[in-house]
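Peer 1: dropping the sequence and predicted coords here.
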2 protein chains.
Amino acid sequence: MSADASAHVWIPKPVNGYKAVEMRATAVDDRAKPGVSKWELDTPALCVDLDKMEKNVAFLQASLKKNGLASRPHAKTHKTAAIAKYQLSTGSIGICCAKLTEAEALVASGVDRILMTTGNLSAGKIRRAMSIRKAHPDFIQAVDYEPNARDLNDAAREAGIIADVVIDVAVGTRSGIPAGDGALKLAQLVDTLPNLKLRGMLSYDGAVQHAKGFANRKATALSAMEPNIETYNGMKKSGLNTEIFSGGGSGTYNIMHHVPGFTDVQAGSYLFMDMQYLAIGSEDGNAVFTDFAPSLTVIATVVNNRFPRSLTTDAGAKALTLNVPTAGVIGEPGIAYNAGSDEFGVLRFSSPLSKEYKIGDKLEVIVPHCDPVVNEYDHMYGIRNGKVEVVWDVTARGCSQ
Amino acid sequence: MSADASAHVWIPKPVNGYKAVEMRATAVDDRAKPGVSKWELDTPALCVDLDKMEKNVAFLQASLKKNGLASRPHAKTHKTAAIAKYQLSTGSIGICCAKLTEAEALVASGVDRILMTTGNLSAGKIRRAMSIRKAHPDFIQAVDYEPNARDLNDAAREAGIIADVVIDVAVGTRSGIPAGDGALKLAQLVDTLPNLKLRGMLSYDGAVQHAKGFANRKATALSAMEPNIETYNGMKKSGLNTEIFSGGGSGTYNIMHHVPGFTDVQAGSYLFMDMQYLAIGSEDGNAVFTDFAPSLTVIATVVNNRFPRSLTTDAGAKALTLNVPTAGVIGEPGIAYNAGSDEFGVLRFSSPLSKEYKIGDKLEVIVPHCDPVVNEYDHMYGIRNGKVEVVWDVTARGCSQ
């Protein structure tokens, strides 16, 4: 499957090869325009088409606004301070972070309206979270466990602050405290602890984001949220603060407004898209999810063409991570791309391709799943009209702790 | 399956949490002994048990020596200058690199006996490879394509050097020039080009490394090498230099000496092991590959235990990459570890575990496949007797270009 079959695949030879460090050396500021063609980049090269990404940002904002919701995009997808700042400057009310080191890296690069969607369990991490909160009053910490709430309260007192907290209420069986009495009691506890300030609750359903077919996805998402809505109502009835009721993602951004009291969507992948999201289907019945344009690609070089019905590229597991679903080569829907080798992509096809690929030719690939792919690269190239406009550091790359 | 069921899984609470940067701040030199328990590290933490790794290195060296071969370990596995230096100091004749940026990073950290196992195709990469060669006469470059050999010769002339070259001859259908007349002609061409010096050939069979069962692996490996042996004989008969005939890996290190003229093995994973290699079986008939000890692990924290027959950890796709084969929890063979979520490991089990896991408890995990996992981390902790002895930078992490 290719979502963008009209794109070019042919590139002129010879290619010179530019490193990110060389591009930055010529840059005068963050919006430098080196003007090098994306086909000249050292490969594998992580690229984001800026027109498409900006369109995705605008579309999400407009769609959520129409439905009375805000966006609080998840930085775990892009890990890039420049993109977080762009999201905040275009109307997002905050940025979510999954890991403490991710939050620390973004804070150090000037992103401060951060909601940490997972708890910090060790004494060291709790202290560090509270030291972010001390310097940045808009920092909000999720909690899903009573002893952790007490530890957090102690750390906040030690830091001399009253820390903002949301309760992470599980949807499904992965993270968060199960909905119901336990969650309500935890919210009540947080409300009584002197150095914590309850701000509301989170309910993120990871599993439903990739459910195929809009009607199915909507029914599944809303049914899974029923116990959480009860917990939300219980919190409200108890007089607890519910100003934040956050969750949802790129697959449910246009569903969550049906949840009473819901305030903001934590979408991440909407920026970039990937083969996984392209396959979930749109509200209009299209089997391809066309709401957002696939802006994120990896440029790869053909390193072998001498075996029948096969090409080898320089982009394998370390360039594309997950092998399922397979990567998609733009313009070549007949290619099955196996990224299971560490250093090589092995491409097989049974019918003729759109052109004959020579050794040294390049391909543009839509990645299997965007988040872990971005996490492989120290920088990404911002591309406009096929040319490099900016080289971004992936600020929080590898910050999984 | 667990290869080391005797290891501890219980750890004392509370855990403080140490960051790599804190550990390095207390370190006085490369072999600093912070003495912190591995269970106190910020998780997910990439750890290598130094006793096991050193034993693996010694075992490979002894085994290859007995069979008349040398080792030229592949740095694509560890990407770590400190480990490359250890390998060179314990008898390896050189280090292999898969990508130019990997070689550049290791060279910059003082590793110089490098063989690049893949060609560099762009003009920029060719020039950079020749500038490594100019500064480090032990640098050897693989070539598998006639125009590339001519480009390399031009770049070597431009750099004022005569560059050492090996021909990469394919085994299977992934990388390298197919064995036979074409390969022989390429070797003859390299031999005639004035600024290249032919040193021999490579033949690495990636697919056979994980073939299950030693007898099957041996038969498959040797049969796949037959056309390459013919090419080697052809080179020899033509009077070409064949002083290097390199290939093989951790799955075939004790097979390749049956290949006439073979000189050295490019094993990488033998240092660390992983679930994929543990499953290939040993020469003694054991279904577990016991030749090398699983030294590489990731420490993870339990973040949820409130759903039936399930635990959630903080180590998902960004901490363990490939989800197949699944990761193995040491001491808990009954756990099926799904690392498909970006930030979370989802562990399911049907029979009771060895203990009751609380939120905040830690687990030690053998990774699915070591190479891409190491490539996720900026540093790894060298552990001896359960305590941190050293924190290593993963020098060439993310150097996939």
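Peer 2: Thanks, I have the structure now.

Peer 1: quick one: the helices in the stretch 251-400 of chain A, in order.
Peer 2: A:275-278, A:317-320, A:370-374 (DSSP state H, counting those that start in this stretch).

Peer 1: the first one and chain B in contact?
Peer 2: No: when contact is scored as CB under 8 Å from any CB of the partner chain, no part of helix A:275-278 falls within range of chain B; the minimum is 10.5 Å. The way it works is simple: take the backbone N, C-alpha and C, and place the C-beta from them, glycine included.

Peer 1: check the second one too.
Peer 2: Yes: taking CB under 8 Å from any CB as the criterion, helix A:317-320 and chain B are in contact, through A:317-319.

Peer 1: which residues of the stretch 1-150 of chain A lie near chain B?
Peer 2: So the stretch 1-150 of chain A meets chain B at A:14-19, A:42-45, A:76, A:98-99, A:101, A:118-119, A:121-125, A:144-145, A:147-148 (CB under 8 Å from any CB).

Peer 1: again, only this time at 7 Å
Peer 2: A:14-18, A:42-44, A:76, A:98-99, A:118-119, A:121-125, A:145 (CB under 7 Å from any CB of the partner chain).

Peer 1: run through who's touching the longest strand seen in chain A.
Peer 2: Ranked by number of residues, the top strand in chain A under DSSP state E is strand A:296-307. With contact meaning CB atoms under 7 Å, 6 or more residues apart in numbering or on different chains, strand A:296-307 is reached by A:38-39, A:41, A:43-48, A:272-274, A:311-315, A:319-320, A:330, A:345, A:357-367, A:370, B:118, B:121, B:173-175, B:177-178.

Peer 1: can you flag which of the residues you listed belong to strands?
Peer 2: A:45-48, A:311-313, A:345, A:362-366.

Peer 1: farthest-separated two in those residues?
Peer 2: A:Val48 and A:Thr312 (25.5 Å; CB to CB).

Peer 1: the two: which has the busier surroundings?
Peer 2: A:Thr312 (26 against 23; other CB atoms under 10 Å in any protein chain shown).

Peer 1: give me the nearest residue to that one, chain neighbours excluded.
Peer 2: A:Asn304 (3.7 Å; CB to CB, 6 or more residues apart in numbering or on different chains).

Peer 1: that older thread, show me which of the residues of the stretch 1-150 of chain A next to chain B are buried.
Peer 2: A:15, A:17-18, A:42-44, A:76, A:98-99, A:118-119, A:121-122, A:124-125, A:145 (16 or more other CB atoms under 10 Å in any protein chain shown).

Peer 1: using CSV, write out the CA atom coordinates for stretch A:49-69.
Peer 2: Coordinates of each C-alpha in stretch A:49-69 appear next as CSV, following Å, rounded to 0.1, in the frame of the first residue of the first chain:
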residue,chain,number,x,y,z
ASP,A,49,7.8,17.4,5.0
LEU,A,50,7.1,20.7,6.7
ASP,A,51,4.1,21.7,4.5
LYS,A,52,2.4,18.4,5.3
MET,A,53,3.3,18.6,9.0
GLU,A,54,2.0,22.1,9.4
LYS,A,55,-1.2,21.2,7.5
ASN,A,56,-1.6,18.3,10.0
VAL,A,57,-1.2,20.6,12.9
ALA,A,58,-3.7,23.1,11.5
PHE,A,59,-6.2,20.4,10.7
LEU,A,60,-6.1,18.9,14.2
GLN,A,61,-6.4,22.3,15.8
ALA,A,62,-9.4,23.2,13.7
SER,A,63,-11.1,19.9,14.1
LEU,A,64,-10.7,19.9,17.9
LYS,A,65,-11.8,23.5,18.2
LYS,A,66,-15.0,22.7,16.2
ASN,A,67,-15.7,20.0,18.8
GLY,A,68,-14.9,22.1,21.8
LEU,A,69,-11.6,20.4,22.8
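
Peer 1: residues of that stretch that come out buried?
Peer 2: Counting neighbours by 16+ other CB under 10 Å, stretch A:49-69 gives A:49-50, A:52-53, A:56-57, A:60-61, A:63-64, A:69 as buried.

Peer 1: now, these that are in helices?
Peer 2: A:50, A:52-53, A:56-57, A:60-61, A:63-64 (DSSP state H).

Peer 1: pLDDT added to the residues you listed, as CSV?
Peer 2: Shown next, in CSV, are those (pLDDT from 0 to 100):
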residue, pLDDT
A:Leu50, 97
A:Lys52, 98
A:Met53, 98
A:Asn56, 98
A:Val57, 98
A:Leu60, 98
A:Gln61, 98
A:Ser63, 98
A:Leu64, 98
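
Peer 1: reformat those as JSON lines; add distance to A:Pro294.
Peer 2: Formatted as JSON lines, these follow (distance: CB to CB, whole Å):
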{"residue": "A:Leu50", "distance to A:Pro294": "13"}
{"residue": "A:Lys52", "distance to A:Pro294": "7"}
{"residue": "A:Met53", "distance to A:Pro294": "10"}
{"residue": "A:Asn56", "distance to A:Pro294": "9"}
{"residue": "A:Val57", "distance to A:Pro294": "14"}
{"residue": "A:Leu60", "distance to A:Pro294": "15"}
{"residue": "A:Gln61", "distance to A:Pro294": "19"}
{"residue": "A:Ser63", "distance to A:Pro294": "18"}
{"residue": "A:Leu64", "distance to A:Pro294": "21"}
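
Peer 1: any stretches of the stretch 1-150 of chain A with poor pLDDT?
Peer 2: Per-residue confidence for the stretch 1-150 of chain A (pLDDT under 70) gives these ranges: A:1-14, A:25-33.

Peer 1: where do the helices sit along it?
Peer 2: Ranges of helices within the stretch 1-150 of chain A are A:20-26, A:50-66, A:81-89, A:100-108, A:123-135, A:146-159, based on DSSP H, counting those that start in this stretch.

Peer 1: okay, those, which one's buried deepest?
Peer 2: helix A:100-108 (a mean of 22; mean count of other CB atoms under 10 Å in any protein chain shown).

Peer 1: in the stretch 301-401 of chain A, which residue sits nearest chain B?
Peer 2: A:Phe307 (3.8 Å; CB to the nearest CB).

Peer 1: any idea how far B:Pro308 is from that residue?
Peer 2: 49 Å (CB to CB, to the nearest Å).

Peer 1: same question for A:Thr231.
Peer 2: In terms of CB to CB, A:Thr231 sits 20 Å off from B:Pro308.

Peer 1: compare neighbour counts for the two and give me the winner.
Peer 2: Remark: of A:Thr231 and B:Pro308, A:Thr231 carries more neighbours, 24 against 6, as counted by other CB under 10 Å.

Peer 1: and the helix or strand encompassing that one, what does it pack against?
Peer 2: Using DSSP states H and E, A:Thr231 sits within helix A:214-237. Under the contact criterion of 3 or more CB pairs under 7 Å, 6 or more residues apart in numbering or on different chains; DSSP states H and E, helix A:214-237 touches helix A:181-192, strand A:196-203.

Peer 1: again, only using 6 Å
Peer 2: helix A:181-192 (3 or more CB pairs under 6 Å, 6 or more residues apart in numbering or on different chains; DSSP states H and E).

Peer 1: so which elements touch the helix it packs on?
Peer 2: Using 3+ CB pairs under 6 Å, 6+ apart: helix A:181-192 touches helix A:146-159, strand A:163-168, strand A:196-203, helix A:214-237.

Peer 1: from the middle of its chain, how far away would that helix be?
Peer 2: Relative to the centre of its chain, helix A:181-192 is centred 30 Å away, using CA atoms, centre = their mean, to the nearest Å.
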